[in-house]
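A.B. asks: okay, here's the prediction I keep looking at, along with the sequence it came from:
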Amino acid sequence: MSREMSPIEKAKFVAAKQATEHVESGMKVGLGTGSTAEWFVQCLGEMAREEGLKIKGVPTSKRTGLLAQKVGIEVITLEEAKWLDVTIDGTDEYDSDLTLIKGGGGAHLREKVVATASERMIVIADASKKVEALGAFPLPVEVIPFGLPVTQGLIEETLIGMDVLGREVTLRMKGDVPFVTDEGNFILDLHLKRIANPRQLSLVINQIPGVVENGLFIDICDAVIVGHGDGRVTTRDITDNTANVVRFDVLDDDNIFADVAD
Ligand SMILES: O=C[C@H](O)[C@H](O)[C@H](O)COP(=O)(O)O
């Protein structure tokens with residue numbers, strides 16, 4: 001399978017494959033959204049079919065829910081699960097504190113709810129998602145459709161006082177109409193270029209009437225598993241005792257991971 005992949009797809013795949021090490025039968029698992037998370041769901045499906053893995057999955061989007069059912073994963077709601085052992089999800093950006101920008105696929109609201117209802121959140125990503133400062137990727141903000149121009153105006157006004165490099169705010173479109181989230185809301189993308197203080201920005205944005213949730217994930221992500229185009233996987237876990245130590249694993253031709261450094 002991996003031989004025909006582009007380097008970027010291979011990077012996503014190896015990160016997703018490595019993340020399955022954190023899943024075992026009996027667990028309740030949050031299933032992220034996006035192209036990297038889809039690899040993870042596919043891997044779990046394969047384990048369910050070939051190794052009898054039995055988990056209950058809580059999808060973070062309708063799209064992921066459909067895929068999970070298709071590959072043979074039992075899907076339950078968050079209400080049924082109440083609490084999850086782990087959530088595995090992709091990201092659009094992450095920094096050295098494991099603060100994230102998510103929502104490139106418009107799913108960050110449900111993703112944040114699911115991740116915060118989980119014992120651990122593990123992010124899977126290709127190496128291009130690592131940034132020195134967050135903000136090159138536009139920050140998605142989910143807003144209710146009612147009074148959209150008012151909410152957008154308040155966000156624009158608020159950004160004037162914030163330490164960011166760009167201040168353009170655009171309504172996300174799907175063709176000729178606004179993109180609509182699974183919760184029936186719209187997305188405003190904030191083109192900030194560089195966010196000096198993500199925590200302050202997140203608090204201020206979420207105070208604005210009409211805003212449901214922004215795409216900054218702060219103090220939520222516990223570990224990032226980064227895949228590389230050559231099959232290497234780098235893990236950064238801020239919750240274990242070896243915090244900040246990077247582990248390198250190598251994917252050999254038979255898809256077997258072996259530690260080569262600690
Ligand atoms: O709304 C979408 C999610 O936050 C995704 O996890 C994020 O956009 C990353 O997606 P991908 O793995 O396709 O880059």
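C.D. replies: Right, received. Where do you want to start?
A.B. asks: list the contacts for Leu100?
C.D. replies: If you count contacts by CB atoms under 8 Å, 6 or more residues apart in numbering, Leu100 has them with Thr91, Asp92, Glu93, Tyr94, Val123, Gly215, Leu216, Phe217, Ile220, Cys221. For every residue, glycine as well, the C-beta is placed using N, CA and C.
A.B. asks: quickly list what the nearest residue to the fourth one once chain neighbours are set aside is bridged to.
C.D. replies: For Tyr94, ignoring the flanking residues on the chain, the nearest one in space by CB to CB, 6 or more residues apart in numbering is Leu100 at 5.0 Å. Each beta-bridge partner of Leu100 is listed here: Tyr94, Phe217, as defined by DSSP bridges.
A.B. asks: okay, Leu100 and Leu139: tell me how far apart.
C.D. replies: Using CB to CB, to the nearest Å, we find Leu100 at a distance of 11 Å from Leu139.
A.B. asks: shared neighbours of those two, anything?
C.D. replies: With CB under 8 Å, 6+ apart, Leu100 and Leu139 have common neighbours Gly215, Leu216.
A.B. asks: how about the helices in the stretch 151-262 of the chain?
C.D. replies: Along the stretch 151-262 of the chain, the segments classed as helices by DSSP state H, counting those that start in this stretch run 198-206.
A.B. asks: in it, what residue lies closest to the ligand?
C.D. replies: Nearest residue of the stretch 151-262 of the chain to the ligand, counting by CB to the nearest ligand atom: Gly215, 7.0 Å away.
A.B. asks: let me see the contact set for that residue.
C.D. replies: So Gly215 contacts Asp92, Leu100, Ile101, Lys102, Gly103, His108, Leu139, Pro140, Val141 (CB under 8 Å, 6+ apart).
A.B. asks: rerun at 10 Å
C.D. replies: 91-93, 100-104, 106-109, 111-112, 134, 137-142, 187, 189-190, 202, 205 (CB atoms under 10 Å, 6 or more residues apart in numbering).
A.B. asks: filter the residues you listed down to the ones close to the ligand.
C.D. replies: Counting by CB under 6 Å from any ligand atom, Thr91, Asp92, Lys102, Gly103, Gly104, Gly106, Ala107, His108, Glu111 from the contacts of Gly215 sit close to the ligand.
A.B. asks: re earlier: and the residue nearest to Tyr94, what pLDDT?
C.D. replies: In this model, Leu100 is scored at 98, pLDDT.
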